[in-house]
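Peer 1: got a predicted structure plus its sequence, pasted below:
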Amino acid sequence: MPDKAKKPGRKSGGWSAVRPRLLTWEKSALLALVKELYDAAAGNRDLIEARCQLEDGGAVLEKYRRKIVEQFFPARGEGKLKLGEARKAIRDYRRATRDVPGTAELLMTYVENGTRFTHEYGDIDERFYNSVETALDELAALLRGEAREIYPRFCGRLAEVERMSDGIGWGFHDFVADVVGRLEEDLGRQ
């Protein structure tokens, strides 16, 4: 049997080296490490708080929702439309919590605010519409799959997005109407 040589380009160490050491640590030492990580970076705090959240999503979900809304309708000034930051909030929340209903809520928040933004301020650009459409597609996939049972919580909001998108160009309204119509056909008569 050939000797297991180190694969080129693979780092030595990593999680496979750390895990066995951590398994030997006392609970108090592990908690101290988690506290250090919590204090070290905002991203770590978000992850730890999200994993420790209450079942309803509570304050953690609201914190991520505000990150999304802030890109479209900040408390002060005009929307920056840093769509990547808003989409990152959704990804970070899902990765941190594995909360499917909360992720669906954040996707819906993104779609609602994107649609409201273009409805209020007029024509944007193709990148903007593609981003909102992608989020709507992701939401539809969740509602057809893992989040199927919560579709009734979203159907009215989706209908409002369709209504609000009427008259918006770039094929945006057609796309929204198609996705919302198919969701209603597939899930509306459950």
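Peer 2: Yep, it's here.

Peer 1: buried ones in stretch 91-99?
Peer 2: Neighbour-count burial for stretch 91-99 flags 92, 93, 94, 96, 97, 99 (criterion: 16 or more other CB atoms under 10 Å). (Each C-beta comes from the backbone N, C-alpha and C, glycine too.)

Peer 1: the third one in helix, strand or coil?
Peer 2: Under the three-state scheme (DSSP: H, G, I helix; E, B strand; the rest coil), the conformation of residue 94 reads as helix.

Peer 1: isn't it right next to residue 103, touching?
Peer 2: Yes - contact criterion CB atoms under 8 Å: residue 94 and residue 103 qualify, at 4.4 Å.

Peer 1: for the lowest-mean-pLDDT helix or strand in the chain, give me every contacting residue.
Peer 2: In the chain, the helix or strand scored least confidently by mean pLDDT, DSSP states H and E is helix 42-51, which has a mean of 72. Helix 42-51 is contacted from outside by 34, 37, 38, 39, 60, 63, 92, 93, 95, 96, 97, 99, using CB atoms under 8 Å, 6 or more residues apart in numbering.

Peer 1: what is the most widely separated pair among these?
Peer 2: Farthest pair in these (CB to CB) is 39 and 99. Separation: 24.4 Å.

Peer 1: spatially nearest residue to the spatially most central residue of the chain, not counting backbone neighbours?
Peer 2: Closest to where the C-alpha atoms of the chain average out (CA atoms, centre = their mean) is residue 90, at 1.7 Å. Residue nearest to residue 90 in three dimensions, not counting chain neighbours: residue 106, with 4.6 Å by CB to CB, 6 or more residues apart in numbering.

Peer 1: make sure the one you found is actually in contact with residue 93.
Peer 2: Yes - at 5.8 Å, residue 106 counts as touching residue 93 under the criterion of CB under 8 Å.

Peer 1: okay, and the common contacts of these two?
Peer 2: 61, 64.

Peer 1: the helix ranked longest in the chain vs helix 42-51, what angle?
Peer 2: In the chain, with assignment by DSSP state H, the single longest helix is helix 100-121. Orientation check (axes from the mean of the first three to the mean of the last three CA atoms, to 10 degrees): helix 100-121 against helix 42-51 gives 120 degrees.

Peer 1: make residue 1 into 459 and carry on from there
Peer 2: Happy to do that; since the first residue is 459 now, the last one works out to helix 558-579.
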